[in-house]
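Peer 1: The sequence and its predicted three-dimensional model are supplied below.
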Amino acid sequence: MEDRQSWLAKRAYELWEEAGRPDGADQVHWKQALMEWDAQTHVRLEERSDWDDGDEEREW
């Protein structure tokens, strides 16, 4: 899997291009990429079959 920083840079660049390459909007695109990363990461954690949801008691 691609590391976080590389993915964010690539995605922010894609967003910038899609927006028509506007000057001075780098923070907007970076924040959007960061929100997308966070959303994807959250979904991946919830989809894990071994994720402990805290509903059942575990014996250690």
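Peer 2: Yep, it's here. Just so it is clear, the model here is predicted, and its values are computed rather than measured. Numbering: from 1, shown residues only.

Peer 1: hey, let's count contacts and neighbours off CA atoms from now on
Peer 2: Will do.

Peer 1: could you point out where this structure is predicted with low confidence?
Peer 2: Along the chain, segments meeting pLDDT under 70 span 1, 43-60.

Peer 1: What is the lengthiest helix in it packed up against?
Peer 2: Criterion DSSP state H: the longest helix present in the chain is helix 26-47. Secondary-structure packing of helix 26-47 (3 or more Cα pairs under 8 Å, 6 or more residues apart in numbering; DSSP states H and E): helix 4-18.

Peer 1: who are the neighbours of the helix it packs on, in terms of helices and strands?
Peer 2: helix 26-47.

Peer 1: before we move on, back to that, the longest helix of the chain vs helix 4-18, what angle?
Peer 2: 130 degrees (axes from the mean of the first three to the mean of the last three Cα atoms, to 10 degrees).

Peer 1: and helix 26-47, which residues are buried?
Peer 2: 29, 30, 32, 33, 34, 37 (16 or more other Cα atoms under 10 Å).

Peer 1: State the three-state secondary structure for residue 21.
Peer 2: For residue 21, the assignment made with DSSP: H, G, I helix; E, B strand; the rest coil gives coil.

Peer 1: before we move on, the earlier item: now the buried residues of helix 26-47 as a markdown table including distance to residue 12?
Peer 2: Formatted as a markdown table, the entries for the buried residues of helix 26-47 read as follows, by distance: Cα to Cα, whole Å:
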| residue | distance to residue 12 |
| --- | --- |
| 29 | 5 |
| 30 | 5 |
| 32 | 7 |
| 33 | 5 |
| 34 | 8 |
| 37 | 11 |
